[in-house]
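Visitor: dropping the sequence and predicted coords here.
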Amino acid sequence: MRPTLDASPLAASLVQSTLTDPGTPSATTPATHAAAMPSVLFVDQSGQLGGAEFALLQLAGHCTARSEVVLLADGPFRARLEALGARVQVISDARVSGVMRQASMLNCLRVVPGLFRQVRAIAARARQFDVLFLNTQKALVLGALGKPLHRRPVIWYQHDILTREHFGRIQLSIVKWLVRLAVDHVVVNSQASARSLAALTGIDADSVPVIYNGIDARAFDRVDGRDVAALRARLGLPRDAWLAGLFGRLAPWKGQHVALDALARLPDVHLVLVGAPLFGEDAYAQRLHEQAAALGIADRVHFAGFQDDVPAWMKAMDVILHTSTEPEPFGRVIVEGMAAARPVIAAAAGGVTEIVRHRRNGWLVKPGDASALADAIGTLRADPELAAQLATQALSDARSEFSVERYLQRMTQAIRQAAR
């Protein structure tokens, strides 16, 4: 990997720069001045909407004049991108898409023909742009393998903690050597992600810029949460219950089962689960329903499914929970809860500890500890003044440290640096 860019914020002169060239992206068109934005081909592996995709949605929407997005699978993410004016191309292969994080060598070998078809297709598109921006791990593999074909600078936005708890040995080995040999710049979403990259590749963690995801606090300002009862009625939630909200896809490592165990210790609290199972996790979702019934709390657990209007749902809660049982690379939902001006209780691991300061802008608990989670919920319910203080500081931090403007400024700086 070549030396990475300076992680400092953009100078004031770059803050005001705009994307002015609406023409067809071309790698042969010279920049007219230092602030000109290079043309970018973004690549993402998913058609679904996860944290990495929401981050790319903001960036691609900011760069529509001189960019295109390649998705390796179709889905609602495509429609969201196109609604922002982004050009989108889907280059999919069902067998390649089916390779799991813990795939065996045999499974990897079986998809080699489809993999190289995608490599060639991405490389053909990349030759029309100044920079290739790879947003996910599978995008990294397919985009970086094609570098001998496209010969464009490669920037990878790492959203994952690269450990054996999350990925198979083969996947980690591939990432290690691609980063060393074919990636020009790596940007990470947290210091926790940077440390895992350093442990895997030997790259100095301090040389890799950390660019936190940006959260649009204005989306939360547009929700009138002053009349919470009316908002809950609109959303079909109990008007007078004390609601704990847990947001994110239904998956074992997201820890919804821990929240159910905690709820069983809190007889007057209701739990709202906003999210749906993805990536073959329907069996876990069914187990959650069964767990709620077995604990006798089914009438206090509300499975809301996937919801687009996250700001309204968060504003309707009394507290926002984060219950991941494994280290979270960042914790986008935590910052959203902060932007909603709600107290947040989060599992203290990974990038979460870079966001939440215990008893200052939120509350930290040991991951997987249902008893500690129940105690924290009970504490904030019994002390509304403390809960309000945490929420006020959290809102301030969300606006100052995790704004969309800050994210876009630093990410466009990274793209400019990669194009040099």
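Guide: That came through, no problem.
Visitor: scan this structure for its longest helix.
Guide: Taking residue count as the measure and DSSP state H as the definition, the longest helix of the chain comes out as helix 384-401.
Visitor: against which helices or strands is the helix or strand just after it packed?
Guide: Toward the C-terminal end, the helix or strand that comes next after helix 384-401 (DSSP states H and E) is helix 404-419. Packed against helix 404-419, as judged by 3 or more C-beta pairs under 8 Å, 6 or more residues apart in numbering; DSSP states H and E, are the following elements: helix 12-15, helix 51-62, strand 131-134, strand 154-158, strand 185-188. All C-beta spots, glycine's among them, are computed from the backbone N, C-alpha and C.
Visitor: low-scoring stretches of the stretch 101-250 of the chain, by residue?
Guide: 101-111 (pLDDT under 70).
Visitor: which residues of it fall in helices?
Guide: For the stretch 101-250 of the chain, the helices identified by DSSP state H, counting those that start in this stretch occupy 105-110, 112-126, 137-145, 147-150, 169-181, 191-201, 217-221, 228-235, in order along the chain.
Visitor: same check, this time on the stretch 251-400 of the chain
Guide: With DSSP H, counting those that start in this stretch, the ranges of helices along the stretch 251-400 of the chain come out as 256-263, 282-294, 310-315, 332-339, 370-382, 384-401.
Visitor: quick one: pLDDT of the spatially most central residue of the chain?
Guide: Nearest to the mean C-alpha position of the chain, by C-alpha atoms, centre = their mean, lies residue 51 at 2.1 Å. Residue 51 carries a pLDDT score of 90 in this model.
Visitor: spatially nearest residue to it (excluding sequence neighbours)?
Guide: When the adjacent residues along the chain are set aside, residue 51 lies closest to residue 332, with 4.5 Å between them (C-beta to C-beta, 6 or more residues apart in numbering).
Visitor: my guess is the one you found contacts residue 212, does it?
Guide: No. Under the criterion of C-beta atoms under 8 Å, residue 332 is not in contact with residue 212, lying 9.3 Å apart.
Visitor: circling back: which of the helices of the stretch 251-400 of the chain sits closest to residue 226?
Guide: Nearest of the helices of the stretch 251-400 of the chain to residue 226, taken as C-beta to C-beta: helix 310-315 at 9.4 Å.
Visitor: distance from the chain centre to the closest one, please.
Guide: The chain centroid and the centroid of helix 310-315 are separated by 18 Å, computed with C-alpha atoms, centre = their mean, to the nearest Å.
Visitor: just give the closest residue to residue 287, not the sequence neighbours.
Guide: residue 257 (7.4 Å).
Visitor: need the contact list for residue 315.
Guide: With contacts taken as C-beta atoms under 8 Å, 6 or more residues apart in numbering, residue 315 has the following neighbours: 220, 223, 225, 228, 231, 340, 341, 342.
Visitor: could you redo the last one with a cut-off of 6 Å?
Guide: For residue 315, the residues meeting the contact criterion (C-beta atoms under 6 Å, 6 or more residues apart in numbering) are 223, 225, 340.
Visitor: nearest residue to it in space, please, no chain neighbours.
Guide: Beyond its immediate neighbours in the sequence, the residue positioned closest to residue 315 (C-beta to C-beta, 6+ apart) is residue 225, lying 3.6 Å away.
Visitor: how close does that neighbour get to residue 375?
Guide: Taken as C-beta to C-beta, to the nearest Å, the spacing of residue 225 relative to residue 375 amounts to 27 Å.
Visitor: now do residue 350
Guide: For residue 350, the distance to residue 375 under the criterion C-beta to C-beta works out to 22 Å.
Visitor: the two: who's more crowded?
Guide: More neighbours sit around residue 350 than around the other of residue 350 and residue 375, counting by other C-beta atoms under 10 Å; the figures are 23 against 17.
Visitor: so the more buried one touches residue 328, yeah?
Guide: Yes. Contact criterion C-beta atoms under 6 Å: residue 350 and residue 328 qualify, at 4.5 Å.
Visitor: re the thing from before, hey, which of the helices of the stretch 251-400 of the chain is tucked in deepest?
Guide: Comparing these on average neighbours per residue, with mean count of other C-beta atoms under 10 Å, the densest one is helix 332-339 at a mean of 27.
Visitor: distance between that helix and the chain's centre?
Guide: Using C-alpha atoms, centre = their mean, the distance from the centre of helix 332-339 to the centre of the chain it belongs to is 11 Å.
Visitor: repeat for stretch 367-377
Guide: Here stretch 367-377 is found 24 Å from its chain centre; the criterion is C-alpha atoms, centre = their mean.
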